[in-house]
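Participant: Quick one, structure for this:
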Amino acid sequence: MRTILIIAAKEIREGMRNRWVLATTLLMATLALTLAFLGSAPTGSVGAGALDVVVVSLSSLSVFLVPLIALLISHDAIVGESERGTMLLLLSYPLARWQVIAGKFAGHLTILAFATLVGYGTAAVALAGSGRLDGTAGWPAFAALICSSVLLGAVFVSIGYFVSAMSDQRGTAGGVAIGVWLLFVLIYDMALLGLLVVDQGRTVTPEALNALLLLNPTDTYRIFNLGGTASAVAGMGIADQSTLASGTLMLALLLWAAAPLAATMLVFSRREP
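Facilitator: Sure thing, here's the model as predicted:
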């Protein structure tokens, strides 16, 4: 455990030297503040609380932004160090290869969690200071948003590691990472929507639709955060037809985070440094 924490601390220090922590935190805070104050304006007409509207707005933002940030900070975590020669030095110490991956994962996830908590938390504090919030309504959904956003980041950090472990060059890893982002964030949903339009409910049953939605972690995240009160504000489209429970959605995200990480450890154990 101590070895993993040492590697995690190394990744956090490197992230701070590269200004990743500051850059991602400022970006998320700026966008969150903008959405919080512009998005909470119409709450009187839709009959929803200001924080519910903010949760919907930030959920839509996170689907695009969190996976992109996670892939950017993780796609060269292995192949980049191999090219620089630092991976060979790291592996010369008495540690297991799985500890290297676990330590890097903990460090990068800490960076992403810090940026998410401070960035989105700033928007909530500012909104509370403006007097637009009504009591404690909406705070549980906001807390769930932050936790699930960190978990979504963990999913794409894991995927980024797998891409990095499978790549021979940083440029290749970067191109594949962008392709992964486009696939899960844009292409998959457009293809699924086209399938539903063509099918007209003849073949794709509700159970099949639920399974298809679980195959995309961004859809799983979106459904989790746009349930309940927020769904009345959001107009979720495809996700409106889902009957998945919150526990099932969280379990799916956890599996999405664990599976690529385990695959990365397996590939890295056989990879030349």
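Participant: Run through the helices of the stretch 101-250 of the chain in chain order.
Facilitator: Along the stretch 101-250 of the chain, counting by DSSP state H, counting those that start in this stretch, helices occupy 139-166, 170-182, 188-199, 206-214, 217-225, 229-234, 246-269.
Participant: other SSEs contacting the fifth one?
Facilitator: Using 3 or more C-beta pairs under 8 Å, 6 or more residues apart in numbering; DSSP states H and E, the elements in contact with helix 217-225 are helix 50-74, helix 139-166, helix 188-199, helix 206-214, helix 246-269. To be clear about C-beta, it is placed using only N, CA and C from the backbone, and glycine gets the same treatment.
Participant: Could you say which helix or strand holds the nearest residue to residue 87 once chain neighbours are set aside?
Facilitator: Nearest-residue entry for residue 87: residue 81, 3.9 Å, with adjacent residues in sequence omitted and distances by C-beta to C-beta, 6 or more residues apart in numbering. Here residue 81 sits within helix 79-84, counting by DSSP states H and E.
Participant: how about that helix: buried residues?
Facilitator: For helix 79-84, burial by neighbour count (16 or more other C-beta atoms under 10 Å) applies to 79-82.
Participant: Closest to residue 30 out of those residues?
Facilitator: residue 80 (27.7 Å; C-beta to C-beta).
Participant: hang on, the earlier thing: pipe the buried residues of helix 79-84 into a markdown table and attach pLDDT and distance to residue 53 per row.
Facilitator: Shown next, in a markdown table, are the buried residues of helix 79-84 (pLDDT from 0 to 100; distance: C-beta to C-beta, whole Å):
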| residue | pLDDT | distance to residue 53 |
| --- | --- | --- |
| 79 | 91 | 41 |
| 80 | 88 | 40 |
| 81 | 87 | 43 |
| 82 | 88 | 46 |
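Participant: picking up where we left off before, wait, which of the helices of the stretch 101-250 of the chain is closest to residue 90?
Facilitator: Nearest to residue 90 among these is helix 246-269 (11.7 Å), distances taken as C-beta to C-beta.
Participant: how big is the angle separating the closest one from helix 206-214?
Facilitator: For helix 246-269 against helix 206-214, the angle by axes from the mean of the first three to the mean of the last three C-alpha atoms, to 10 degrees is 50 degrees.
Participant: just checking, what packs against helix 246-269?
Facilitator: helix 97-129, helix 139-166, helix 206-214, helix 217-225.
Participant: Repeat the analysis, applying 7 Å as the threshold.
Facilitator: Judged by 3 or more C-beta pairs under 7 Å, 6 or more residues apart in numbering; DSSP states H and E, helix 246-269 is in contact with helix 97-129, helix 139-166, helix 217-225.
Participant: Now it: buried residues?
Facilitator: If you call a residue buried by 16+ other C-beta under 10 Å, then helix 246-269 has these buried ones: 249-250, 252-253, 256-257, 260-261, 263-265, 267-268.
Participant: Let me know the closest of the buried residues of helix 79-84 to residue 153.
Facilitator: residue 80 (19.0 Å).
Participant: Tell me who's in contact with residue 169.
Facilitator: residue 79 (C-beta atoms under 7 Å, 6 or more residues apart in numbering).
Participant: how far away is it from residue 176?
Facilitator: 10 Å (C-beta to C-beta, to the nearest Å).
Participant: Could you list the low-confidence segments of this protein?
Facilitator: Along the chain, segments meeting pLDDT under 70 span 39-50, 130-138, 227-243, 273.
Participant: rerun at 50
Facilitator: Scanning the chain for pLDDT under 50 picks out 42-47, 228-236.
Participant: With mean neighbour count and distance to residue 184 as extra columns, can I get the helices and strands packed on helix 246-269 in CSV?
Facilitator: Below are the helices and strands packed on helix 246-269 laid out as CSV (neighbours: other C-beta atoms under 10 Å; distance: least, C-beta to C-beta, whole Å):
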stretch, mean neighbour count, distance to residue 184
helix 97-129, 20, 17
helix 139-166, 23, 8
helix 217-225, 26, 5
